[in-house]
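Participant: Quick one: sequence and predicted model below, then my questions.
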There are 2 protein chains.
Amino acid sequence: MTPIYDRVALIGLGLIASSMFWAMKRNTLAGHVTGYARSQETRDTARRIGLCDTVCDTLADAVQDADLVVLAVPVGVMGDIAAEIAPHLKPGATVTDVGSVKGRVISDVTPHIPDGVHFVPAHPLAGTEHSGPESGFATLFDNRWCLIVPSEGSDPEAVETLQRFWRGLGSNVDVMEPDHHDLVLAVTSHCPHLIAYTMVGVADDLGRVTDSEVINYSAAGFRDFTRIAASDPTMWRDVFLSNKDATLEILGRFTEELFALQRAIRQGDGDFLHDYFTRTRALRRGIIEAGQDTAAPNFGRSG
Amino acid sequence: MTPIYDRVALIGLGLIASSMFWAMKRNTLAGHVTGYARSQETRDTARRIGLCDTVCDTLADAVQDADLVVLAVPVGVMGDIAAEIAPHLKPGATVTDVGSVKGRVISDVTPHIPDGVHFVPAHPLAGTEHSGPESGFATLFDNRWCLIVPSEGSDPEAVETLQRFWRGLGSNVDVMEPDHHDLVLAVTSHCPHLIAYTMVGVADDLGRVTDSEVINYSAAGFRDFTRIAASDPTMWRDVFLSNKDATLEILGRFTEELFALQRAIRQGDGDFLHDYFTRTRALRRGIIEAGQDTAAPNFGRSG
């Protein structure tokens, strides 16, 4: 494949950026990839494992001459990074990000983007509960969705090129409005994460049930919650603070529904419960048919 | 291996019973296994796939001469089944069950158990979101826990033999009091399921987000909820109605915690969120170390 961008800069070298690097190499999507991470330790690790063609010690060096700059840092610091790299961006370059919230990132980053540079926000819907430069792998984005969320006045050609890039990384690509993106993600990702964190917190707090009981007997349902609740704390703190309105709206609906189910349990209304549980099965079937999960037994895991 | 029981009867031929059959065959734990299911269709399927040495058309035939009778039916009908089989049980036989709630099952079943027959409740903590006679597989219980919950006056020898049997099926075995069992399971399984059902219901209801958006963009967290929420509706209805007190207690705590996190989001209290999310990571590490899940990337799934 002919490289889509001659020079790509990855800012922040965690799970997403490191997976992007390996996926770029797999299909030769970039001529040269530079990387930058704030911590010396992360940069040392990146050099040791061959993550990025060049690991730079400053933001300015990393973005120098880059045709695509990828902001892969927690949502809360996107604006600061954008301000710092702005003077060093090449005219005609595209800046993108991989943040889980788009409204806040757009309002934080846009003011710093120089004339002649294109900002095209994006969000790959892929992840694991692991983080850091050693957690990436080339197939992370395969058959997952990447949402491109052009901000007002995004250059159509820059948008189109970024779409080709994400398809090259293995993703399906869709385009979405920022507000709608943040609502959809509140439902499919942000609230499920908060709820999983909450349930794990309850289990941890409960004096009458020991941690080892929770740990040993987690096979039936709870272990999926702990998996979700093990994700990166800084990233998730920023997500909730940055997508406050949509998160609180969906949590409000969630609580309403939960109270309805709780009331049915208290009143012994078996029909209500059975109807509810039957309806949720259909959505699951849709997800398997859409190829976003496996129907394999034992949740598709080996152990 | 010498069979532990000469004759075993499986009542109800769903995921658990069919997995028990294949696991018994794997290690020759039983001389002869009979099976019974209420529906003709399930019995036909069982005969077609070779599930059970003999599939019987009546409960009486199935339990005739059995040394172990396994009640593998929804918790809500355990008492009725016990009443129906009671006159046909062999003196000295053991009756056990695999229900997810123990207090209610013990109070429903015990009155029907004839003198000279032993009732030893049990609960294997293993499952998938699939149900029915074709969903079973021999390795379902491997390295999972089975909780033996002797009721008052359970015969020690019968308890000991049932423990050996579950170890033979691949499980680790622990013994627990009924009330404590129901509290532990409310935390590790029942409430997580209810919460997953609720979140999937919210997603399904939200007019502004389409089902296909939810389905396509479920990679990040939500798909684990849909997996849990796809479990058998009848089984789960009975679980919640039968473990009402512990479920409502844990839900109360859950709501309290959720409100605290919600308040932190509203007030922008990032430290509170970060501390909370850091704490839940530790519990996850414990589960991986206890061998109850894998640390493989992408949640250990292939796709």
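Facilitator: Cool, got the structure.
Participant: Tell me the pLDDT of residue A:236.
Facilitator: Looking at residue A:236, its pLDDT reads 91.
Participant: With chain B as the reference, measure out to it.
Facilitator: 5 Å (CB to the nearest CB, to the nearest Å). Heads up, the C-betas are built off the backbone N, CA and C, glycines and all.
Participant: residues in contact with that residue?
Facilitator: A:193, A:197, B:273, B:277 (CB atoms under 8 Å, 6 or more residues apart in numbering or on different chains).
Participant: Where does the first one fall, secondary structure wise?
Facilitator: With elements delineated by DSSP states H and E, residue A:193 resides in helix A:191-205, which encompasses its position.
Participant: got the buried residues for that helix?
Facilitator: Of the residues in helix A:191-205, A:191-204 count as buried by neighbour count, 16 or more other CB atoms under 10 Å in any protein chain shown.
Participant: now stretch A:52-72
Facilitator: A:52-53, A:55-56, A:59, A:62-64, A:66-72.
Participant: same question, stretch A:249-264
Facilitator: A:250, A:251, A:253, A:254, A:255, A:257, A:258, A:261, A:262, A:264.
Participant: quick one, helices of the stretch 101-250 of chain A?
Facilitator: A:103-109, A:156-168, A:178-185, A:191-205, A:211-216, A:222-228, A:233-242, A:244-267 (DSSP state H, counting those that start in this stretch).
Participant: Tell me which of the ones you listed approaches residue A:284 most closely.
Facilitator: helix A:222-228 (13.0 Å; CB to CB).
Participant: If you count contacts, what does the closest one end up packed against?
Facilitator: helix A:191-205, helix B:191-205, helix B:222-228, helix B:270-289 (3 or more CB pairs under 8 Å, 6 or more residues apart in numbering or on different chains; DSSP states H and E).
Participant: Alpha carbons of the helix or strand of chain A at the bottom of the mean pLDDT ranking, as PDB, please.
Facilitator: One helix or strand of chain A scores below all others by mean pLDDT, DSSP states H and E: helix A:222-228, with a mean of 79. The C-alpha trace of helix A:222-228 is given here as PDB (Å, rounded to 0.1, in the frame of the first residue of the first chain):
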ATOM      1  CA  PHE A 222     -19.300  -9.900  38.000                       C
ATOM      2  CA  ARG A 223     -16.100 -10.600  36.300                       C
ATOM      3  CA  ASP A 224     -17.300  -8.700  33.200                       C
ATOM      4  CA  PHE A 225     -17.800  -5.700  35.400                       C
ATOM      5  CA  THR A 226     -14.400  -5.900  37.000                       C
ATOM      6  CA  ARG A 227     -12.900  -6.100  33.500                       C
ATOM      7  CA  ILE A 228     -14.600  -2.900  32.500                       C
END
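Participant: Could you give the separation of it from the chain centroid?
Facilitator: 18 Å (CA atoms, centre = their mean, to the nearest Å).
Participant: Need the residues that contact that helix.
Facilitator: A:129, A:192-193, A:196-197, A:199-200, A:203, A:214, A:218, A:299, B:187-189, B:192, B:221, B:224-225, B:227-228, B:280, B:283-284, B:287, B:292-293, B:299.
Participant: Stretch A:157-170 - what's its average pLDDT?
Facilitator: Rounded mean pLDDT across stretch A:157-170 is 98.
Participant: measure stretch A:107-119 end to end?
Facilitator: Using CA to CA, to the nearest Å, one end of stretch A:107-119 lies 12 Å from the other.
Participant: now swap in stretch A:101-115 and tell me
Facilitator: Stretch A:101-115 end-to-end distance (CA to CA) = 24 Å.
Participant: Let me see the mean pLDDT of that stretch.
Facilitator: 96.
Participant: sorry, back to before: out of the buried residues of stretch A:52-72, who's nearest chain B?
Facilitator: residue A:72 (15.4 Å; CB to the nearest CB).
Participant: Out of the contacts of residue A:236, flag the one nearest to residue B:29.
Facilitator: residue A:197 (41.2 Å).
Participant: Show me the shaky parts of the stretch 1-150 of chain A.
Facilitator: Judged by pLDDT under 70, the stretch 1-150 of chain A has its weakly predicted residues at A:1.
Participant: residues from it in reach of chain B?
Facilitator: By CB under 8 Å from any CB of the partner chain, the residues of the stretch 1-150 of chain A that approach chain B are A:76, A:100, A:125-130, A:135, A:137, A:139-140, A:143-145, A:147.
Participant: Write the ChimeraX selection for whichever of those residues are buried.
Facilitator: Selecting the buried subset of those in ChimeraX, with 16+ other CB under 10 Å as the burial test, is done by:
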select /A:76,100,125,126,127,128,129,130,135,137,139,140,144,145,147
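Participant: Pull the most distant pair out of the residues of the stretch 1-150 of chain A next to chain B.
Facilitator: A:76 and A:143 (29.9 Å).
Participant: for the stretch 1-150 of chain A, what spans make up the strands?
Facilitator: A:5-11, A:30-36, A:54-55, A:68-71, A:94-97, A:118-119, A:122-125, A:145-148 (DSSP state E, counting those that start in this stretch).
Participant: and residue B:244, which of these is closest to it?
Facilitator: Of all those, strand A:122-125 sits nearest to residue B:244, with 37.7 Å by CB to CB.
Participant: partners of the closest one in the sheet?
Facilitator: According to DSSP bridges, strand A:122-125 forms sheet pairs with strand A:145-148 (antiparallel).
Participant: how far does the strand it pairs with sit from the chain's center?
Facilitator: 10 Å.
Participant: Pretty sure residue A:257 sits against residue B:198.
Facilitator: Yes: counting by CB atoms under 8 Å, residue B:198 is a contact partner of residue A:257 at 4.9 Å.
Participant: how far away is residue A:16 from chain B?
Facilitator: 11 Å.
Participant: In contact with the closest residue in space to residue A:26 that isn't next to it in sequence, which residues are there?
Facilitator: Leaving aside its sequence neighbours, residue A:26 sits nearest to residue A:138 (CB to CB, 6 or more residues apart in numbering or on different chains; 4.7 Å). If a contact means CB under 8 Å, 6+ apart, then residue A:138 has A:19, A:22, A:23, A:25, A:26 as its contacts.
Participant: What distance do you get for the third one to chain B?
Facilitator: If you measure residue A:23 against chain B using CB to the nearest CB, the figure is 13 Å.
Participant: how close does that residue sit to residue A:16?
Facilitator: Separation of residue A:23 from residue A:16 (CB to CB, to the nearest Å): 10 Å.
Participant: any residues in contact with both of those two?
Facilitator: In contact with both residue A:23 and residue A:16: residue A:140, using CB under 8 Å, 6+ apart.
Participant: These two: which has the busier surroundings?
Facilitator: residue A:16 (26 against 22; other CB atoms under 10 Å in any protein chain shown).
Participant: just checking, the more buried one touches residue A:124?
Facilitator: Yes: look at residue A:16 against residue A:124 with CB under 8 Å: they come within range, at 6.6 Å.
Participant: can you list residues touching both of these two?
Facilitator: residue A:98.
Participant: can I get the helices and strands packed on helix A:222-228 in CSV with distance to residue A:160?
Facilitator: As requested, these are exported to CSV (distance: least, CB to CB, whole Å):
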stretch, distance to residue A:160
helix A:191-205, 32
helix B:191-205, 31
helix B:222-228, 29
helix B:270-289, 37
